[in-house]
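*Asks:* Just to be clear, the model below is a prediction. Sequence and coordinates:
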Amino acid sequence: MPTILDQIVAHKRQEVADRKTIVPVKLLERSLYFPSQPVSLRKYVQRDDLNGIIAEFKRRSPSKGMLNAYAPVERTTIGYMQAGASALSVLTDSAFFGGKSEDLTTARKFNFCPILRKDFVIDEYQILEAKSIGADAILLIAAILTKEEVAQLGQFAHSLGLEVLLEVHDRAELERTVTPHVDLIGVNNRNLHDFTLSVETSKELADLIPDDFVKVSESGISSAETIMELRQYGFEGFLIGETFMKNSRPEKACAAFIGELKKLRTASPAFTI
Ligand SMILES: O=C(O)c1ccccc1NCC(=O)[C@H](O)[C@H](O)COP(=O)(O)O
């Protein structure tokens, strides 16, 4: 029985092949120079005056189905940033997540923060695309790539000025794929076989991530207390989608969440804002 990742990747290979025939590489290269300079995800996540939250725009997901069919990209992403998020993540996969490249371009038009293109990258073509639609960083998923592919795709992203977030699910993936061509390492708390969520996964892998990389905890984060806890393990970035998007006004949910987090951080002797 193919896993959900197998299905996504099989679909993506066909999708990328089709897109290459519609917009050939040479044509895509001409649209590369998006007016703004890339903004560093790594630096924004580490900024003391922000909270490390990478707020995600995700309409639906394989695990939860439709989260939010109506939230407009413009109002939601501006609201996320006004709430104090450090960066944005925009799902551009259409078949499984209901996103599109235009969602990221819209977010880019209205925000100056770093934007992560959240997709299933298997080909350099998608990295050129990420650059052309205004992304600052891409995601590479260890579970679907070899070490050589991570290194090659990471190097290519860097050559375009894009940063790389490498996502791992377990120790074997981390040890198998870590290369200097990535900037941040994200531990995904979602088990992609049964969709269960546990932030214990982040805690277990924290010490195994070399210090050169910014640590990001991804998925299943639903409380400010969890962020305070993950900070004790050295995590500085927190990728949050569903907790915000399942609300009719995701940006308000994000503001309330960050309000709680600020209260906890102010009360904690270890952190000051
Ligand atoms: O979200 C899913 O169901 C999913 C299924 C298969 C592959 C990837 C999936 N999600 C992508 C993500 O990594 C999350 O959107 C991201 O980490 C935010 O997670 P959450 O806060 O739990 O929405």
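*Replies:* Perfect, thanks for sending it.
*Asks:* Mind jotting down where the strands sit in the stretch 101-250 of the chain?
*Replies:* 115-118, 137-141, 163-168, 184-188, 214-218, 237-240 (DSSP state E, counting those that start in this stretch).
*Asks:* what would those look like in a markdown table with mean pLDDT, mean neighbour count and distance to the ligand?
*Replies:* Yep, even glycine has a C-beta here, placed from its N, CA and C like the rest. Shown next, in a markdown table, are those (pLDDT from 0 to 100; neighbours: other Cβ atoms under 10 Å; distance: least, Cβ to the nearest ligand atom, whole Å):
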| stretch | mean pLDDT | mean neighbour count | distance to the ligand |
| --- | --- | --- | --- |
| strand 115-118 | 98 | 28 | 6 |
| strand 137-141 | 98 | 25 | 8 |
| strand 163-168 | 98 | 26 | 7 |
| strand 184-188 | 98 | 26 | 6 |
| strand 214-218 | 98 | 26 | 4 |
| strand 237-240 | 98 | 27 | 5 |
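*Asks:* Save the ones you listed as a markdown table, and put in distance to P2 too.
*Replies:* As requested, the strands of the stretch 101-250 of the chain are exported to a markdown table (distance: least, Cβ to Cβ, whole Å):
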| stretch | distance to P2 |
| --- | --- |
| strand 115-118 | 22 |
| strand 137-141 | 16 |
| strand 163-168 | 20 |
| strand 184-188 | 19 |
| strand 214-218 | 23 |
| strand 237-240 | 25 |
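*Asks:* how close does L91 get to Y70?
*Replies:* Between L91 and Y70 the distance is 16 Å, computed by Cβ to Cβ, to the nearest Å.
*Asks:* try L5
*Replies:* 28 Å.
*Asks:* What residues does the stretch 101-250 of the chain have near the ligand?
*Replies:* Counting by Cβ under 6 Å from any ligand atom, the stretch 101-250 of the chain comes close to the ligand at N188, R190, L192, E218, S219, G220, I221, L239, I240, G241, E242, T243.
*Asks:* what about the last one, how many residues close to it?
*Replies:* When neighbours are defined as other Cβ atoms under 10 Å, T243 has 18 of them.
*Asks:* C-terminal to the helix or strand bottoming out on mean pLDDT in the chain, what's the next element?
*Replies:* Least confident helix or strand, the chain: helix 25-30 with a mean of 85, by mean pLDDT, DSSP states H and E. Downstream of helix 25-30, the next assigned helix or strand under DSSP states H and E is helix 41-46.
*Asks:* ok, and what's touching the following helix or strand past that following helix?
*Replies:* Per DSSP H and E, the first helix or strand lying C-terminal to helix 41-46 is strand 53-57. Residues outside strand 53-57 that contact it (Cβ atoms under 8 Å, 6 or more residues apart in numbering): 41, 45, 71, 73, 76-77, 80, 83-91, 99, 103, 107, 116, 118, 216, 227, 237-241, 244-245, 250, 254, 257-258, 261.
*Asks:* and with 6 Å instead?
*Replies:* 76, 80, 85-90, 237-239, 241, 254 (Cβ atoms under 6 Å, 6 or more residues apart in numbering).
*Asks:* what about L91 and Y70, which has more around it?
*Replies:* Using other Cβ under 10 Å, the more surrounded residue of L91 and Y70 is L91, with 25 against 6.
*Asks:* measure that one to V39 for me?
*Replies:* To V39, L91 is 19 Å away according to Cβ to Cβ.
*Asks:* for P180, same thing?
*Replies:* Look at P180 and V39: by Cβ to Cβ, they are 22 Å apart.
*Asks:* what's the distance between I209 and the ligand?
*Replies:* Relative to the ligand, I209 is positioned 17 Å away (Cβ to the nearest ligand atom, to the nearest Å).
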